[in-house]
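Engineer: Have a look at this prediction, sequence included:
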Amino acid sequence: MQQAPVKVIVLGGGTAGWMSATALAKLLPGIVEVELIESAEVGIVGVGEATLPHIRAFVERLGIDEADFMRATQATFKLGIDFRDFGRIGDSYIHPFGTFGQPLAGVPFHHYWLQMRAAGMARDLGDYSVAVAAARASRFALPHGSESILSSSYGYAYQFDAALFGPYLRTVALGLGVKRTEANVVGHRRNPETGDVEALFLASGEERHADLFIDCSGFRSLLLGDALGESWEDWSHWLPCDRAAALPCLSASPTLEPYTRATAMPAGWRWRIPLQHRVGNGYVYASAFLDDDAACRAIVAATENTPLADPRILRFKAGRRRHSWVHNVVGVGLASGFLEPLESTSIYLAQMAITQLIELFPVAGITQADRTSFNRLVDMEYDRIRDFLILHYHATTRDDSPFWDHVRTMQVPDTLAAKLELWRATGRVAHYSEGLFLEQSWIAVYLGQGIVPHAWDARAALPTRDNLAQAMSTIEREVGAQVSGMLDHGAFLHAQTERLGSVG
């Protein structure tokens, strides 16, 4: 006899909710029956519009045409993040979605670069990265070829209108058979013996039952936090930014940059995200150091062109739930945790949780082993991303405001302190095989914000300096050749749109 589908209710219809519903329906056909409950009275937080390269795999697995998706969400391509004024005022660097140079004899490129830099024989680290050079030139091409060549030495993500992304996925999900219910959830019932959530009470008086509930109710965390009482681990002492003043505007530039810009401000930082139809702006700040009115004035003053709305204040707090899967409730997105948008991780964290849930999906009933595995992986991701974000604030010489004095002098987590000690002493990056932000990302931020190690791999001294100089010059020329052969980013986007139109 065929087993009945597992009934899943997704509570919340924002980005995390529709990502969850779409992925479950697409990747577990016949195994799940999905209903999404959302309320028109609940708005979308939408603190950012930028993503990480992992979103490409998610879109591809859902069978979504990239060009169609980009047209519907007014998306642009993203090669990295341009950080300005973080290490000190006047500094800038790009954290690319790609590598720097090429390894030699098993030794990472940055060790050779460090040696040559000490000898005054190396150019800017970004000159040896296709992603950095293309971003600076506002050019783009899809990576191609084997992993060992420069034409595939980078990845890319998307910058899109967050208000359009959820509705786009909703259309896809409904086409896959997801049931949508518009209603306010006013209560719940738990099984007195197991503690599982049995039903949700709707304002209409109806009840909704399920085997598994996915809490995508945002910061309210109606099921994981309120119903099950899962505690919150507060990280605001390390990541004090707790608000954002968001403001869209018209673009003043004829150039469409394939990167997000993050510029440090006296009480935090501001983002600039170029889309096809507008520019997203926002000032992420710590309310302990700046009031809302001052933040709104600051983002209006920094906006490059005509605002399309008044600044909107968004409130949040850095941290996560102690566990993200408790009983038969899985928290995804803001219901599980939040790390500010400095490295565009919010959508990635939702995607990561969905991916892990699908891999561990309880077809034959929920087990403690499933929950333990899921929570371990989610906690690991949050903890490592937390350390990476703290690094951006702590690695600075800025002393021009109370905010920067605080983050520069604060005690950081032991895990980050160990990573910093290893890097300073040896030029090595702490390795791990799973998770986000691997070696190249840490190198970009370490060196971009002025943390230069005292030593490097001894094997980097084996080639002669003349040979190294020639090899590095060759890489630089090849990077330049790759970028010169790319289209302007805006022209590439136009070509994608034309391709879609001709297919349609």
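Structural biologist: Yes, it's here. Residues are numbered from 1 along each chain as shown.
Engineer: Tell me the secondary structure of I81, please.
Structural biologist: Following DSSP: H, G, I helix; E, B strand; the rest coil, we place I81 in the strand state.
Engineer: first to last residue in stretch 131-151, what's the distance?
Structural biologist: 10 Å (CA to CA, to the nearest Å).
Engineer: make that stretch 428-440, sorry
Structural biologist: Across stretch 428-440, the terminal residues are separated by 11 Å (CA to CA).
Engineer: Name the surrounding residues that touch that stretch.
Structural biologist: The contact list for stretch 428-440 (CB atoms under 8 Å, 6 or more residues apart in numbering) reads 52, 54, 96, 98-100, 108, 343, 345, 348, 352, 377, 380-381, 384-385, 388, 418-419, 422-423, 442-443, 446, 457. For glycine as for every other residue, the C-beta is placed from the backbone atoms N, C-alpha and C.
Engineer: Can you give me the buried ones in it?
Structural biologist: Residues R428, V429, A430, L436, F437, E439, Q440 are the ones in stretch 428-440 that count as buried (16 or more other CB atoms under 10 Å).
Engineer: got the residue ranges for the helices in the chain?
Structural biologist: Using DSSP state H, the helices found in the chain span residues 15-27, 54-61, 66-72, 109-118, 130-137, 162-175, 292-302, 346-359, 368-394, 402-409, 414-426, 439-448, 465-484, 489-503.
Engineer: which stretches of the stretch 351-500 of the chain aren't confidently modelled?
Structural biologist: Residues of the stretch 351-500 of the chain meeting the criterion pLDDT under 70: 433-434, 499-500.
Engineer: nope, the chain is what I was after
Structural biologist: By pLDDT under 70, the low-scoring segments of the chain are 1-2, 42-48, 147-148, 433-434, 499-504.
Engineer: Nearest residue to the middle of it?
Structural biologist: The centre of the chain sits closest to T345, judged by CA atoms, centre = their mean, with a distance of 2.2 Å.
Engineer: Quickly list the domain ranges of the chain.
Structural biologist: Domain assignment for the chain, taken from automatic domain parsing, gives 6-75+160-234+318-382, 98-155+413-504, 243-315.
Engineer: which one of those lies closest to I89?
Structural biologist: domain 243-315 (7.8 Å; CB to CB).
Engineer: Pull the distance from that closest one to the chain's centre.
Structural biologist: 18 Å (CA atoms, centre = their mean, to the nearest Å).
Engineer: Between the two ends of it, how far is it?
Structural biologist: Note: domain 243-315 ends 5 Å apart using CA to CA.
Engineer: cool, stretch 201-215 as well?
Structural biologist: Distance across stretch 201-215, first residue to last, is 15 Å (CA to CA).
Engineer: try stretch 435-455
Structural biologist: 27 Å.
Engineer: Could I get the full set of strands for the stretch 201-350 of the chain?
Structural biologist: 207-209, 212-215, 232-234, 243-249, 260-265, 268-274, 279-285, 312-315, 319-321, 325-326, 329-331, 337-338 (DSSP state E, counting those that start in this stretch).
Engineer: Now those in TSV, please, with extra columns for mean neighbour count.
Structural biologist: Shown next, in TSV, are the strands of the stretch 201-350 of the chain (neighbours: other CB atoms under 10 Å):
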stretch	mean neighbour count
strand 207-209	15
strand 212-215	30
strand 232-234	13
strand 243-249	23
strand 260-265	22
strand 268-274	25
strand 279-285	26
strand 312-315	15
strand 319-321	22
strand 325-326	26
strand 329-331	29
strand 337-338	26
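Engineer: In TSV, list those along with distance to T171.
Structural biologist: Shown next, in TSV, are the strands of the stretch 201-350 of the chain (distance: least, CB to CB, whole Å):
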stretch	distance to T171
strand 207-209	22
strand 212-215	20
strand 232-234	34
strand 243-249	23
strand 260-265	26
strand 268-274	24
strand 279-285	23
strand 312-315	26
strand 319-321	30
strand 325-326	29
strand 329-331	24
strand 337-338	27
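Engineer: L11 is nearest to which of those strands?
Structural biologist: That would be, of the strands of the stretch 201-350 of the chain and by CB to CB, strand 212-215, which comes in at 5.6 Å.
Engineer: The closest one pairs with which strands?
Structural biologist: Strand pairing for strand 212-215, determined by DSSP bridges: strand 6-11 (parallel), strand 329-331 (parallel).
Engineer: contacts for it?
Structural biologist: In contact with strand 212-215 (CB under 8 Å, 6+ apart) are residues 6-12, 17, 20, 197, 200, 221-224, 328-332, 335-336, 357, 362, 366.
Engineer: give the contact list for S253.
Structural biologist: Per CB under 8 Å, 6+ apart, neighbours of S253: P274, E304.
Engineer: S236 versus D226, what's the distance?
Structural biologist: The gap separating D226 from S236 is 21 Å, by CB to CB, to the nearest Å.
Engineer: Equivalent analysis for T306, please.
Structural biologist: T306 is 35 Å from S236, by CB to CB.
Engineer: Between the two, which is the more surrounded one?
Structural biologist: S236 (14 against 10; other CB atoms under 10 Å).
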